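*Asks:* Pasted the sequence and its predicted model underneath.
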Amino acid sequence: MITSLLYAAPRLVSWSLKMFRKACRLAMIDRAECGAVVDFLHARKDAASFQEIFTAVPTINPVKIFLQMAEIEGVMVLHERVQGLTLSSRLRSELDAIMH
């Protein structure tokens, strides 16, 4: 019990720094380009390879945008059969509710 209390403050500071760094990364996201990719993925209803995404949205900088997309909650980076991106069902339903 005492040990847990003593380590609570360092854990809180560590977690706070981690969340601050994540917030900084999210603030740096190119919302226009990531939004175009999310829109493309939402319209597809299935996974898209990195090449398909770049072909559909040729104005993006793939190196920058694919790293930024990985930071967005609900965007899943696939490494198995198709190497690319897809949206989680939760994010899809949230986007459906907003757009309809």
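*Replies:* Everything's here; your move. Residues are numbered from 1 along each chain as shown.
*Asks:* Go ahead and confirm Asp46 touches Leu87.
*Replies:* No: using Cβ atoms under 8 Å, Asp46 makes no contact with Leu87, being 9.7 Å away. Any C-beta I mention is one placed from the backbone N, CA and C, and that applies to glycine too.
*Asks:* Those two: who's more crowded?
*Replies:* Neighbour count, other Cβ atoms under 10 Å: between Asp46 and Leu87, Leu87 has more, with 22 against 8.
*Asks:* quick one: buried residues of the helix or strand containing Ser93?
*Replies:* Using DSSP states H and E, Ser93 maps to helix 89-99. Buried residues in helix 89-99, counted by 16 or more other Cβ atoms under 10 Å: 91, 95.
*Asks:* With stretch 44-52 instead?
*Replies:* For stretch 44-52, by 16+ other Cβ under 10 Å, it's 47-48, 52.
*Asks:* Let's have those in TSV, adding pLDDT.
*Replies:* As requested, the buried residues of stretch 44-52 are exported to TSV (pLDDT from 0 to 100):
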residue	pLDDT
Ala47	92
Ala48	94
Glu52	95
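*Asks:* In helices, which of these appear?
*Replies:* Filtering those for membership in helices, criterion DSSP state H, returns Glu52.
*Asks:* which residues touch the closest residue to Gln68 other than its chain neighbours?
*Replies:* Nearest non-adjacent residue to Gln68, counting by Cβ to Cβ, 6 or more residues apart in numbering: Ile29, 4.8 Å away. Ile29 makes contacts with 68, 71-72, as judged by Cβ atoms under 8 Å, 6 or more residues apart in numbering.
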